[in-house]
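Enquirer: heads up, no residue letters with this:
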């Protein structure tokens, strides 16, 4: 027997076994770019989860376009508050989220149904607390409660909620401006001025943010002192820097308090009515 051919045959068989073993070995894949084309395609296709007869589809987004929420928002922005509230009445309370309740509270404030709005927001807060929500997750609801009392001109109660939120969001410009309003409403112009000095017309970290609060705080202080022209100049400067759309968002709250009908002689903001 030719031992040379036998050795060659054994070497060839060993090589074939080795190649087949390598074919069966898994290819390490760090990301889709390193994978072969056929494996890349598999990686891009998510695995189909097993069917579960007991599973239920997620509830629809109540704040999505084309929903009663969006209809109410359009009516709210147009100042048609009764129509806005009607759009929300048909929605099952079990499906309502934070944004839904906050919008409803703003509508109720415009309708001067403050007690209903307060009850709605506090029930939502209690629900979140029972689910052990983190404090920061409550900020929007607490802000909405502050807004309700600010609209009601219950300045001391509004200030309490805004102060809690400001602890989670130090130097937040919108909350700071609202606190300026509450201090002016309580005729504490010194505290209002101190807060106003913490605001800046431009945020160096976010120079393009739409926060004309600096000018509205200045205008509020000027108006409270009877310096009407200075107040108008500050608001015009905000309009020049940030545009009409952004300025009008802040102007609505400002005019609510500094109207000729409701203003008192000292602060220009009407106090809470008994």
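Expert: Perfect, thanks for sending it. Here the structure is a predicted model, which means the values were calculated and not measured.

Enquirer: can you give me the helices in the stretch 1-150 of the chain?
Expert: For the stretch 1-150 of the chain, the helices defined by DSSP state H, counting those that start in this stretch occupy 3-24, 37-44, 68-77, 81-89, 98-110, 114-130, 139-152.

Enquirer: Residue 240: neighbouring residues, count only.
Expert: 12 (other C-beta atoms under 10 Å). Heads up, the C-betas are built off the backbone N, CA and C, glycines and all.

Enquirer: Let me know the pLDDT of it.
Expert: pLDDT, the model's per-residue confidence, is 91 for residue 240.

Enquirer: for it, helix, strand, or coil?
Expert: At residue 240 the chain is in helix, as set by DSSP: H, G, I helix; E, B strand; the rest coil.

Enquirer: Least confident of the helices of the stretch 1-150 of the chain, on average?
Expert: Averaging pLDDT over each of the helices of the stretch 1-150 of the chain puts helix 37-44 lowest, since it has a mean of 43.

Enquirer: Residue 253: what's it in contact with?
Expert: Residues in contact with residue 253 (C-beta atoms under 8 Å, 6 or more residues apart in numbering) are 150, 178, 181.

Enquirer: oh, I was asking about residue 92
Expert: So residue 92 contacts nothing (C-beta under 8 Å, 6+ apart).

Enquirer: Going forward, count from 24.
Expert: I'll keep to 24 as the first residue from here, and by that count the last item is residue 115.

Enquirer: Dihedrals phi and psi, it?
Expert: phi -60, psi 120 (degrees, to the nearest 10).

Enquirer: now it: how far from residue 195?
Expert: 33 Å (C-beta to C-beta, to the nearest Å).

Enquirer: Residue 275 too?
Expert: On the measure of C-beta to C-beta, residue 275 and residue 195 end up 19 Å apart.

Enquirer: now swap in residue 122 and tell me
Expert: On the measure of C-beta to C-beta, residue 122 and residue 195 end up 19 Å apart.

Enquirer: between the two, who's got more neighbours?
Expert: Taking other C-beta under 10 Å, residue 122 and residue 195 do not tie; residue 195 has more neighbours (18 against 15).

Enquirer: Chain neighbours aside, what residue packs nearest to the more buried one?
Expert: Closest residue to residue 195 apart from its sequence neighbours, by C-beta to C-beta, 6 or more residues apart in numbering: residue 189 at 6.3 Å.

Enquirer: I'd assumed residue 201 was in contact with that neighbour.
Expert: No - Residue 189 lies out of contact with residue 201 (C-beta atoms under 8 Å); the separation is 9.5 Å.

Enquirer: one step back: and the residue nearest to residue 195, what does it touch?
Expert: 195, 198-199, 202.
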